[in-house]
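*Asks:* here is the input, now give the coordinates:
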Amino acid sequence: MQYNKGLVGGFRQVIAEEGAMALTTGLGATAAGYFVQGWFKFGGVEFFKIKTVESIGEAKAWENKTLIYLGAAAAAETIADIFLCPLEAVRIRAVSDPEFCDGLADGFSKMLKTEGVTGFYAGLVPILAKQVPYTMAKFAVQGSVADMIYGSMGKSPSDLSDATNLGISLSSGVVAGVASAIISHPADTLLSKVNKAGAGGDGPMFTRLANIAKEVGFVNLCTVGLLPRCVMIGTLTAGQFGIFDTVMGALGASKYHFHNPNE
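*Replies:* Residues are numbered from 1 along each chain as shown. Okay, here's the model as predicted:
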């Protein structure tokens, strides 16, 4: 079945041909996977960011804040993806073959029996290729945009109300989401295909990925489905940063914000 009528047309076609419930296929694995990933990712970035600042000092951290964002995000995402990959494999299989399983637990059991543990990690390389650059861009862009907004206002987060800080998190999150969606889209396209049965033929993972990339074409890898992905990821990322900051505030904690110790 081909869906090539745009975002709204795609929704209508899926509902017309498969029913509204088709839109929820794989929802359990998606929710579980990205909850676990988000837990490790957002918490991990803060952990690695703070530990780096403690190690090198605030002055050097201020001078190298972009590199710290990138490094902390890469480390946190790598750890998160090890936990995400099995859930993502089940999700993609459930979406591509609705008859494959009846729920998340059933999907795990069937994949383990038919493909073994390695089946859960068939998509690890493309997940890392997609998620690590995606997360590096997301946190670096969000942090940089937020810093620019605070700088233009001549204020620090502690000088502003919770509502204003939340607005800055949301707006910078939208920009970060769009940027990271564009960067990670080619790898996301490969990931959506490699977990499908028989995709890319036989052979090692890199051979299969190369075959899929050749079949799809470079331009299509970069552009097909990009607009709805930007809309979805931009909105989702804004929500993620907004929720994270709100939860941190409710717990009496706050994110570490880089600042110039000489000012």
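*Asks:* name the helix or strand for the closest residue to Ala59 other than its chain neighbours, please.
*Replies:* Distances taken as Cβ to Cβ, 6 or more residues apart in numbering place Pro261 nearest to Ala59, at 5.4 Å, with adjacent residues excluded. Where you see a C-beta, it was placed from the backbone N, CA and C, and this is true even at glycine. Assigned by DSSP states H and E, Pro261 belongs to no helix or strand.
*Asks:* what about the stretch 1-150 of the chain, any weak spots by pLDDT?
*Replies:* 1-34 (pLDDT under 70).
*Asks:* tell me which stretches of it form helices.
*Replies:* 6-18, 27-56, 58-63, 65-96, 104-115, 117-120, 124-153 (DSSP state H, counting those that start in this stretch).
*Asks:* save those as TSV, and put in distance to Ile243 and mean neighbour count too.
*Replies:* Shown next, in TSV, are the helices of the stretch 1-150 of the chain (distance: least, Cβ to Cβ, whole Å; neighbours: other Cβ atoms under 10 Å):
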stretch	distance to Ile243	mean neighbour count
helix 6-18	24	13
helix 27-56	9	17
helix 58-63	26	15
helix 65-96	16	21
helix 104-115	23	15
helix 117-120	28	14
helix 124-153	13	20
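*Asks:* turn those into CSV, columns for distance to Ala199.
*Replies:* Converted to CSV, those look like this (distance: least, Cβ to Cβ, whole Å):
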stretch, distance to Ala199
helix 6-18, 21
helix 27-56, 18
helix 58-63, 44
helix 65-96, 9
helix 104-115, 14
helix 117-120, 13
helix 124-153, 11
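*Asks:* tell me how many other residues surround the residue lying closest to Lys130 once chain neighbours are set aside.
*Replies:* Excluding the flanking residues, the one nearest Lys130 by Cβ to Cβ, 6+ apart is Ala187, at 3.5 Å. Applying other Cβ atoms under 10 Å, we find 21 residues neighbouring Ala187.
*Asks:* from Phe108, how far off is the residue nearest to Ala59?
*Replies:* In this view, Pro261 and Phe108 are 49 Å apart by Cβ to Cβ, to the nearest Å.
*Asks:* next: Ser144.
*Replies:* Distance of Ser144 to Phe108, computed by Cβ to Cβ: 39 Å.
*Asks:* I am finished for the moment; much appreciated.
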